[in-house]
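Undergrad: Take this sequence and fold it.
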Amino acid sequence: MNTAKTIAKFLAAVALIVILVTLLIIVNGLNALISQPSQSILIAPIKGIEVIVALPKLEAPVASINYSKMTTRELRPMARDRHIPKWNKLNKQGLIEALSA
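TA: Prediction:
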């Protein structure tokens, strides 16, 4: 009977250690995602364990577009897609300023 209690305590301790290590891996992975956005991140660099998470590719900045050569009809859908307030009431210069911001 004493052996059964000892085994139960040992198994409980092992389960607690497994839970703590799992939480450590999750926290380490989230910290890596927040602090180092790159194409892939090595989560939980614990000896013998490697979990790699692939991140989506970041789009190129849109600021390189020359808006002044575009027409108002071309600029308005871009403003709508970027959720610019009152995009349909802006003139060409207002659209250019809003899209460039």
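Undergrad: Only C-alpha atoms from now on, for both contacts and neighbour counts.
TA: OK.
Undergrad: Confidence-wise, which helix or strand of the protein is lowest on average?
TA: When the helices and strands of the chain are scored by mean pLDDT, DSSP states H and E, strand 40-46 comes last with a mean of 53.
Undergrad: Now do whichever helix or strand residue 3 is part of: which elements does it pack against?
TA: Per DSSP states H and E: residue 3 is located in helix 2-35. Other helices and strands packing on helix 2-35, by 3 or more Cα pairs under 8 Å, 6 or more residues apart in numbering; DSSP states H and E, are strand 40-46.
Undergrad: Break the protein into its domains for me.
TA: The chain breaks down by automatic domain parsing into domains covering 2-54, 62-100.
Undergrad: Where among the ones you listed is average confidence lowest?
TA: Mean pLDDT is lowest for domain 2-54 out of these, coming in at a mean of 74.
Undergrad: residue contacts, residue 83?
TA: By Cα atoms under 8 Å, 6 or more residues apart in numbering, residue 83 lies in contact with nothing.
Undergrad: now it, what's its secondary structure?
TA: coil (DSSP: H, G, I helix; E, B strand; the rest coil).
Undergrad: And residue 20, how far from residue 66?
TA: Between residue 20 and residue 66 the distance is 53 Å, computed by Cα to Cα, to the nearest Å.
Undergrad: go on, residue 96?
TA: When residue 96 is compared with residue 66 (using Cα to Cα), they lie 9 Å apart.
Undergrad: Compare these two and say which is more crowded by neighbours.
TA: Using other Cα atoms under 10 Å as the criterion, residue 96 and residue 66 rank with residue 96 on top: 19 against 10.
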